[in-house]
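# Sequence first, then the predicted structure:
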Amino acid sequence: MTDPLRELPAAFAQRSVFVTGHTGFKGSWLSLWLSRLGARVHGYALAPSTDPSAFVAGGVRDVLCAHHEADIRDSARLAQAMREAAPDVVLHLAAQPLVRLSYAQPRETFDVNVVGTASVLDAVRALDRPCAVVVVTSDKCYDNREHTWGYRETDPMGGLDPYSASKGAAELVVASYRQSFFPPERVDQHGVKLASVRAGNVIGGGDWAQDRIMADIARSLSRGQPVQVRNPRSLRPWQHVLEPLGGYLLLAARMLTAPDGARLADAWNFGPSSLEVVTVGALVDLFLAAWGSGSWQDASSSAQPHEARLLRLSIDKAVTLLGWRPRWSASEAVRRAALWYRRFYEQDPAARVAGSMRNACLADIADYEATGSAAHLHPEAK
């Protein structure tokens, strides 16, 4: 079987790509990958929200054609930045991404994730030029009844917590704009192919956001402290950050270049194999094994805000229609994340300058692209 990721260099070389949220964890990895593919990357986001950050550690600013530090709700500035970029592809990742923070800041969460998404799509409307648009939401957009089977793209939107509800609402915004302004059957008139994408719990080096399990583990181990684990028995669809990013890029490439790309303007899941849904406690054990030392403690409490205990995604659509498949097992994803963090923390603090971890990121990207015959390739991708 031909590796679909081999299509990416030809699809993105010298293309203008506008990325919102490029200073975040996923946005930083995505920007580095796009630059490696030869794209001209224009970033629009707030300043990095953590110190350290994947954006600074990866030296992302140095690979950008343009870097705008601004809010997606600033409609005039966003529209101007997008006009200057004249994008062939828009990848919208900017968001308030934390479940627990959404309890403290519910209105801000809805404003950024819902109104902000509409702001981005209005800027696309104002472009009046052909482009492929991919809006990134979350697996938590679904009305999660904690079924044992995976949610499909046609299942209802929902959300018990403000974050999840905001992502479900963002999906409704995307669907509304697609039908109202960018209907696929009239793409010859408006030129815009609009899709939304949903991914599971992504892990990888450089995520230092509050309440992220990878960040919690790495920080604790770097200080020689036991890891405090809030929900050790909760099941999560873990995947390395490069897994969904590869799906987003493949989807954008196909919408951009395929003669029938408009039929792909729809909602898509990019999750791990059903074999890779493991508990939080098991994930921590895998990290400790890769790190080589450490321990963890059960810090669960009945007083903490609600977080879903079980959530699975069906990836049948992406596998069947795009030929996309997960490549790395959960253990391989955790191993690479642990080695990334360990390399970062083993640096002399004075050496933790901008770009000090870029080569580590690029090496993971290169390995991911070349995984086809590697021993750690996920069984479902062989």
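Structure received.
# check contacts around the closest residue to Asp316 other than its chain neighbours.
Spatial nearest neighbour of Asp316, excluding adjacent residues (C-beta to C-beta, 6 or more residues apart in numbering): Arg152 at 7.5 Å. Where C-beta positions appear, they are placed from N, C-alpha and C, glycine not excepted. Shown in contact with Arg152 (C-beta atoms under 8 Å, 6 or more residues apart in numbering): Asn269, Ser314, Asp316, Lys317.
# Would you list the buried entries among the residues you listed?
Buried by 16 or more other C-beta atoms under 10 Å: Asn269, Ser314, Lys317, out of the contacts of Arg152.
# What strand or helix carries the last one?
Taking DSSP states H and E as the criterion, the element that holds Lys317 is helix 316-322.
# What's the first helix or strand after that helix?
Downstream of helix 316-322, the first helix or strand assigned by DSSP H and E is helix 330-346.
# contacting residues around that next one?
52, 57, 203-206, 214, 217-218, 221-222, 238-240, 243, 272, 276, 278, 283, 286-287, 290-291, 328, 352, 356-357, 360-361, 364, 376, 378.
# can you tell me which of those residues are in helices?
When DSSP state H defines the helices, the subset of these inside them is 57, 214, 217-218, 221-222, 243, 283, 286-287, 290-291, 360-361, 364.
# Out of those residues, which comes closest to Ser300?
Leu283 (14.8 Å; C-beta to C-beta).
# ok, that closest one touching Gln239?
No - if you go by C-beta atoms under 8 Å, Leu283 and Gln239 don't touch, sitting 11.4 Å apart.
# Overlap in contacts, these two.
Common contact partners of Leu283 and Gln239 (C-beta under 8 Å, 6+ apart): Ile203, Ala330.
# Of those two, give the one with the bigger neighbour count.
Comparing Leu283 with Gln239 by other C-beta atoms under 10 Å, the one with more neighbours is Gln239, at 28 against 25.
# Enumerate every residue touching the more buried one.
So Gln239 contacts Ala199, Gly200, Asn201, Val202, Ile203, Gly271, Pro272, Glu276, Pro326, Trp328, Ala330, Ala333 (C-beta under 8 Å, 6+ apart).
# Quick check: the fourth one vs Gly159, distance?
Using C-beta to C-beta, to the nearest Å, one gets 19 Å for the distance from Val202 to Gly159.
# got it, and the second one?
Gly200 sits 16 Å away from Gly159 when distances are taken as C-beta to C-beta.
# Neighbour count: these two, which is higher?
Comparing Gly200 with Gly159 by other C-beta under 10 Å, the one with more neighbours is Gly200, at 26 against 21.
# and the lowest-mean-pLDDT helix or strand in the chain, which strands flank it?
Using mean pLDDT, DSSP states H and E, strand 277-279 stands out as the lowest-scoring helix or strand of the chain, at a mean of 83. Using DSSP bridges, the strands paired with strand 277-279 are strand 235-240 (antiparallel).
# Could you find the closest non-adjacent residue to Val89?
Among residues not flanking Val89 along the chain, Val17 sits closest, at 4.6 Å (C-beta to C-beta, 6+ apart).
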